[in-house]
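>>> output the structure for:
(one chain, ligands or ions: 1)
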Amino acid sequence: MKKGHGASSSRKKTEHTRRTAQRPREDQPGPAALAALFQDCGLILTERQIEQFWLYHGLLRHHNTALNLTRIHNFNQMVLKLYVDSVLPGRMTDLPSPLMDLGSGPGMPGIPLKIMHPQVQMVLAEGRAKRAAFLLEAVAQLGLDATTVVDRNITPAFEQPVAGVITRAVEVIADTLARVQGCLAQGGRVILMKGPGCDPEIAVAQQRFDGRFALVADTAYRIGGTSNERRLVVFERLDAPRHAVAAQAAGRHRVTALTSDQNSRFKALKKMLTGRGIKKGAMVLVAGARPVHEAMAALPQRCRAWITRDTQDPPPEGAPSHMEWLQLAEPLYQTLDIFGTRAPLLCLEAPAITPWSPAEGFPLGCSLLVPFQDPENIGAVIRSAAAFGVRQVILLGESAHPFHPKALRASAGAALRLPLRQGPFLADLPPDLPLVALSAEGTDIAAAAFPPAFGLLAGLEGQGLPAVWRSKAVRIPLSPVVESLNAATSAAVALYEWQRRQGTLGDGTFDRP
Ligand SMILES: C[S@@+](CC[C@H](N)C(=O)[O-])C[C@H]1O[C@@H](n2cnc3c(N)ncnc32)[C@H](O)[C@@H]1O
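From the prediction side, this is the model:
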């Protein structure tokens with residue numbers, strides 16, 4: 001992509017020396033000498049432009065001692081290395097508008113470019129207050145319209161939209177590309193005025209911003225007839241800035257911003273962190289990037305709200321449009337993000353948990369009955385139930401809520417997919433049910449018979465099972481160094497044993513019964 005240098009610099013240098021030698025009158029610093037130096041570089045200035053450059057030159061000289069604006073003091077050098085150098089990109093590439101000169105310092109290249117291309121809307125960004133004040137004075141004195149000064153450091157949080165960014169002598173390319181994430185439009189260009197040895201910088205930037213920025217031009221050149229080598233490197237932005245993505249998403253969804261923890265909507269969301277609140281409100285809070293996207297894809301009609309930190313992480317394109325976008329102030333979001341995911345949360349209308357009564361019996365295969373009081377155990381066992389092809393999970397009266405955020409997370413989303421039923425309390429299970437119960441005091445599971453349609457009754461954490469079930473229970477043989485397995489783990493092992501007996505685990509998967 002890099003283009004070679006133009007005509008030999010030594011020939012140009014000789015011509016330059018000869019022509020300036022023929023104009024002794026213009027050797028003295030002044031508007032005419034300035035115009036002549038520009039002309040030697042093939043740049044013809046209008047009277048107004050000469051006047052503006054001369055005025056700018058005067059301001060630079062006047063303020064240089066106090067503000068340390070440039071280390072170049074020689075008149076010819078100032079014209080060539082500062083003003084001419086600044087305007088050359090305008091001859092080599094189209095200038096986007098609005099164009100931000102990032103790290104403008106004393107106004108380079110923004111002010112000379114603006115003088116040459118008055119139609120371009122120019123934004124001069126300069127983090128140092130005294131330099132920014134100088135820029136304001138220069139803009140006023142030169143009468144530059146459609147030119148603003150941003151007197152702050154540009155960071156990725158800067159979101160004033162611009163179509164292009166130009167920068168000279170500020171930082172490495174990748175840092176600039178990162179810095180303009182918030183403000184540069186999709187398709188916008190970053191024009192980087194570089195020295196000749198910038199290949200390593202380009203390579204780093206290409207690697208870091210692969211898919212987000214593309215290198216579209218890289219041209220080697222020299223300033224007029226001098227030996228000063230330059231590279232003009234141009235990157236084009238492929239992705240869209242966050243604010244544009246957020247604005248598009250806000251057009252697709254109803255948006256509500258919540259800032260107070262006293263807000264009734266926020267209070268309702270907070271209730272979804274407890275089993276009781278979920279039961280009452282019939283709403284579920286899904287956390288974690290993957291579970292959220294899976295739940296949205298599987299249950300689009302049930303999606304109620306996409307919950308984010310302010311405008312960050314807008315709902316993706318294709319998200320159900322009836323879903324509201326709740327933008328929460330940081331402390332409110334943190335209250336709901338109990339796992340510290342920092343990712344969007346999804347509020348879902350809870351899938352129905354239909355009642356089950358013992359009179360209904362069990363369908364073919366395994367129904368898992370769980371009395372667990374720990375939501376993480378409930379989630380873990382539901383995940384195992386899904387993994388081993390259980391027909392339905394019957395939650396006994398003792399059980400924690402399967403949509404408690406901790407249960408949902410431990411189930412890796414399975415709680416939203418598997419048929420869940422609400423059964424009676426343990427004590428109300430009739431003793432003649434075809435159940436295989438699990439207890440550390442039972443007989444070895446190796447000898448157990450699994451009926452074609454049966455219920456697997458997991459033990460209750462801590463207390464185990466009531467005596468009536470303990471007496472007919474099966475156990476998983478264990479090393480005597482532990483007393484028992486975790487309740488969810490023992491259920492998983494029993495489910496594995498049941499599937500193994502079906503002879504369906506041979507190829508690493510099994511068919512649903
Ligand atoms: C070495 S000077 C170059 C100035 C000018 N571009 C030139 O070529 O003469 C770099 C300037 O960029 C400014 N600067 C650096 N990082 C900046 C940022 N993130 N936002 C705004 N200004 C910045 C500094 O304050 C400094 O004035």
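>>> what helix or strand is Arg231 located in?
strand 229-237 (DSSP states H and E).
>>> and if you look at Gln77?
Using DSSP H and E, Gln77 falls within helix 75-77.
>>> chain center to that helix, what's the gap?
The chain centroid and the centroid of helix 75-77 are separated by 48 Å under CA atoms, centre = their mean, to the nearest Å.
>>> hmm, that helix touching the ligand?
No: figure legend: helix 75-77 not in contact with the ligand (CB under 6 Å from any ligand atom); closest approach 13.3 Å. Just so you know, the C-beta spots here come from the backbone N, C-alpha and C atoms, and that holds for glycine as well.
>>> the closest residue to Ala129 other than its chain neighbours and the ligand, how far apart?
The spatial neighbour of Ala129 that comes closest, neighbours along the chain excluded (CB to CB, 6 or more residues apart in numbering), is Asp151 at 6.2 Å. Distance, Asp151 to the ligand, by CB to the nearest ligand atom, to the nearest Å: 9 Å.
>>> hmm, Leu124 and Asp151 touching each other?
No: counting by CB atoms under 8 Å, Asp151 stays clear of Leu124, with 9.1 Å between them.
>>> of those two, who's got more company?
Shown here are Asp151 and Leu124; by other CB atoms under 10 Å, Leu124 has more neighbours (28 against 17).
>>> mind telling me which residue is nearest the centre of this structure?
Centroid-nearest residue in the chain: Asp313, 6.2 Å away (criterion: CA atoms, centre = their mean).
>>> let me see the contact set for that one.
By CB atoms under 8 Å, 6 or more residues apart in numbering, the residues touching Asp313 are 343-344.
>>> tell me the SS of it?
Following DSSP: H, G, I helix; E, B strand; the rest coil, we place Asp313 in the coil state.
>>> same check, this time on Arg342
The three-state assignment at Arg342 reads coil, by three-state DSSP.
>>> look at the residue in the stretch 351-500 of the chain that the ligand sits nearest to and report its pLDDT.
The ligand sits closest to Arg409 of the stretch 351-500 of the chain, with a gap of 39.9 Å, by CB to the nearest ligand atom. What the model reports for Arg409 is a pLDDT of 95.
>>> residues in contact with it?
Contacts of Arg409 (CB under 8 Å, 6+ apart): 287-288, 291, 339, 379.
>>> now the buried members of the residues you listed.
Buried subset of the contacts of Arg409 (neighbour count, 16 or more other CB atoms under 10 Å): 287-288, 291, 379.
>>> can you list these in CSV and add distance to the ligand?
CSV is the format used below for the buried ones among the contacts of Arg409 (distance: CB to the nearest ligand atom, whole Å):
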residue, distance to the ligand
Ala287, 35
Gly288, 35
Pro291, 38
Gly379, 46
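>>> tell me which of those fall in helices.
Residues of the buried ones among the contacts of Arg409 located in helices (DSSP state H): 291, 379.
>>> out of the buried ones among the contacts of Arg409, which is nearest to Gln39?
Using CB to CB, Gly288 is the member of these that sits closest to Gln39, with 65.2 Å.
>>> gap between the residue lying closest to Leu102 once chain neighbours are set aside and Ala185?
Nearest non-adjacent residue to Leu102, counting by CB to CB, 6+ apart: Thr167, 4.4 Å away. Per CB to CB, to the nearest Å, Thr167 is found 17 Å from Ala185.
>>> which one's more surrounded, the two?
More neighbours surround Thr167 than the other of Thr167 and Ala185, with 25 against 17 (other CB under 10 Å).
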